[in-house]
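1. sequence and computational prediction follow.
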Amino acid sequence: MIPVPEPLYAALFRSLSERESAETAADLASDPSVAESVRRHYRRIDIVAEGALRTSTALACQEGCSYCCHRWVMASPAEVFTVGEAILATRGAERRGFIERVHHNARRAREASAQGDLHRAPRCALLDDDDRCGAYEQRPSQCRRHHSTDLDACLSAYLDAFQAGQPFPSSRPYETVGAAAEAGLMQGLRQRGLETRRYELQSALSEYLEDAFGCVARFVAGKPSFRHAMAGPSPASCPEAA
């Protein structure tokens, strides 16, 4: 494979993040549904990511492989709402199962935080019995960006929680697209005066499922969307690119 000059990656990041920032802001201005704007963003990025993979080392990721689904995931409120809508769109036992697991994991997250032991995250509440993501099309940016070209590295991190935060062998084109996409989404949300602080996914989902109206109302008003979810650093301290 011919090496790609570093300036080309920088140019790709800048071009894609600027495009997504403008597209997201335009969608938010024309469509009252924040979740639909996020879904449109995901659909655009999926097309670009597929193209990046054609110029990249093959990924080890396969359907049903869930080693990376035992990690803490941080997501913006808009992304949490998008996953929450996907859960509420299910019916019967499937919906009850999702909601029960989300609330269980939220309690685990609070307990782990209180004990200062965040090394091992619980199995993601969105996984089904076959280890497939029940909200795959709506999964947040951190999940979309995470990938590996080495299955053994994934297994090692799964077995040893202290390795979970270490970098994985990865595809530079795919990572650049993912980083630019997330940066563009956050910039577009900020242009509309909306919150981009990241929250721990399970605890934020739990709160959304209990009070979706209140969470969205605070978000639209430019206030912190969640009152009880575990919050990450303020946006000003979050780097836009990996």
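-> That came through fine. None of these values were measured; they are calculated from a predicted model. Numbering: from 1, shown residues only.
2. show me which positions of the helix or strand hosting residue 79 end up buried.
-> According to DSSP states H and E, residue 79 maps onto helix 77-88. For helix 77-88, the neighbour count (16 or more other CB atoms under 10 Å) marks 77, 78, 79, 80, 81, 82, 83, 84, 85, 86, 87 as buried. Where you see a C-beta, it was placed from the backbone N, CA and C, and this is true even at glycine.
3. state the mean pLDDT of it.
-> Taken as a whole, helix 77-88 carries a mean pLDDT of 97.
4. what helices or strands is it leaning on?
-> helix 34-53, helix 92-115, helix 201-210, helix 212-220 (3 or more CB pairs under 8 Å, 6 or more residues apart in numbering; DSSP states H and E).
5. in CSV, list those helices along with mean neighbour count, distance to residue 141 and mean pLDDT.
-> Formatted as CSV, those follow (neighbours: other CB atoms under 10 Å; distance: least, CB to CB, whole Å; pLDDT from 0 to 100):
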stretch, mean neighbour count, distance to residue 141, mean pLDDT
helix 34-53, 18, 9, 93
helix 92-115, 16, 19, 93
helix 201-210, 25, 11, 97
helix 212-220, 16, 17, 96
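6. closest one to residue 172 among these?
-> helix 34-53 (9.1 Å; CB to CB).
7. in its sheet, what does whatever helix or strand comes next after the closest one sit against?
-> Sequence-wise, the next helix or strand downstream of helix 34-53 (DSSP H and E) is strand 74-75. Strand pairing for strand 74-75, using DSSP bridges, gives strand 199-200 (antiparallel).
8. show residues contacting the partner strand.
-> Residues from elsewhere that reach strand 199-200, judged by CB atoms under 8 Å, 6 or more residues apart in numbering: 72-77, 80, 109, 225-226, 229-232.
9. ok, residue 74 - contacts?
-> 142, 198, 199, 200, 201, 232.
10. who wins on neighbours among these?
-> Within these, most neighbours by other CB atoms under 10 Å means residue 201, with 29 neighbours.
11. I'd guessed that residue sits against residue 81; true?
-> No. With contact defined as CB atoms under 8 Å, residue 201 does not count as touching residue 81 (11.7 Å).
12. what is in contact with those two at once?
-> With CB under 8 Å, 6+ apart, residue 201 and residue 81 have no common neighbours.
13. residue 178: which of the helices and strands packed on helix 77-88 is closest?
-> helix 34-53 (7.1 Å).
14. who does that closest one touch, helix- and strand-wise?
-> Looks like helix 34-53 contacts helix 6-30, helix 77-88, helix 141-145, helix 172-191, helix 212-220 (3+ CB pairs under 8 Å, 6+ apart).
15. list the contacts of the third one.
-> Pointing back at helix 141-145 there. 42, 45, 49, 68, 73-76, 79, 133, 175, 178-179, 181-182, 185, 242.
16. quick revisit: who's in contact with the helix holding residue 79?
-> Contacts of helix 77-88 (CB under 8 Å, 6+ apart): 34-35, 37-39, 75, 95, 98-99, 102, 126, 134-135, 137-141, 185, 189, 194-197, 199, 201, 204-205, 208-209, 212, 215-216, 219, 225-226.
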